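Participant: The following comprises the amino acid sequence and a computationally predicted model.
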Amino acid sequence: MKPNLPTALTWLRIVVIPLLLMVYSLPIEWLTLDGRNRLATSLFVGAALTDWLDGWLARKLHQTSAFGAFLDPVADKLLVASALIVLVDIERTSAWIAAVIIGREIAISALREWMARLGQSRNVAVNLLGKVKTAAQMSAIPMLLFNDVLLGIPMQGAGSVLIVVAALLTLVSMGYYLRLALPQLMALDRDEGA
């Protein structure tokens, strides 16, 4: 694997995760709650922007790779899962929301891997519903981390609504992907029963 800028940006997104987890563990003498909120929001937004940037650079510079294609969604899922754990810990979202979103990511990742082994990965490729779900959660998380009023909008309230929408879309999209994989799951069940 040859090092390149897009993959380095993906690794940077992974490096941000422990920093995000540590922000709310800092002594209050070092950083006020408001400062923690702003730092955590900045770290998350900065890391989320690298997701867009690394993909754009990989295409622009013709530096796409199988490893980059593997690492990018892993970094995204780790970032979102870590942020959700922080939000549950600081009591800004519910554990059930985090469990639904993280559980879906694990289940769909496993489903995609299994379908790829069957040569059916196109059947569970990312679709518009998954992109809308991602947009909702990637908007909600920084709002919940920021936890203040911005441009006259209370971010906590807006983020709370959006994270519930994201959780509901998570369930709907999981059902969608499972329905697409159902023929292969039924065939496997028939094969094992024979």
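Facilitator: Structure received. Numbering: from 1, shown residues only.
Participant: can you give me the helices for this structure?
Facilitator: For the chain, helices defined by DSSP state H occupy the ranges 5-23, 33-60, 66-89, 95-117, 128-146, 155-193.
Participant: which of those helices sits most buried?
Facilitator: Sort the helices of the chain by mean neighbour count, taking mean count of other Cβ atoms under 10 Å, and helix 128-146 sits at the top with a mean of 20. To be clear about C-beta, it is placed using only N, CA and C from the backbone, and glycine gets the same treatment.
Participant: what packs against it?
Facilitator: helix 33-60, helix 66-89, helix 155-193 (3 or more Cβ pairs under 8 Å, 6 or more residues apart in numbering; DSSP states H and E).
Participant: circling back: make TSV out of the helices of the chain and add mean pLDDT.
Facilitator: What follows is the helices of the chain, written out as TSV (pLDDT from 0 to 100):
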stretch	mean pLDDT
helix 5-23	92
helix 33-60	92
helix 66-89	90
helix 95-117	88
helix 128-146	92
helix 155-193	84
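Participant: returning to that earlier point: out of the helices and strands packed on helix 128-146, flag the one nearest I14.
Facilitator: When those are compared by Cβ to Cβ, helix 66-89 sits nearest I14, at 5.1 Å.
Participant: How far away from the center of its chain is that closest one?
Facilitator: Centre-to-centre, helix 66-89 and its host chain are 5 Å apart (Cα atoms, centre = their mean, to the nearest Å).
Participant: Show me the beta-bridge partners of P154.
Facilitator: Beta-bridge pairing of P154, defined through DSSP bridges, involves V149.
Participant: what about it, distance to A166?
Facilitator: Noted for P154: a distance of 18 Å to A166, by Cβ to Cβ, to the nearest Å.
Participant: just M138 next, same as before
Facilitator: From M138 across to A166, the span is 9 Å (Cβ to Cβ).
Participant: what's the answer for F70, then?
Facilitator: Computed as Cβ to Cβ, the F70 to A166 distance reads 24 Å.
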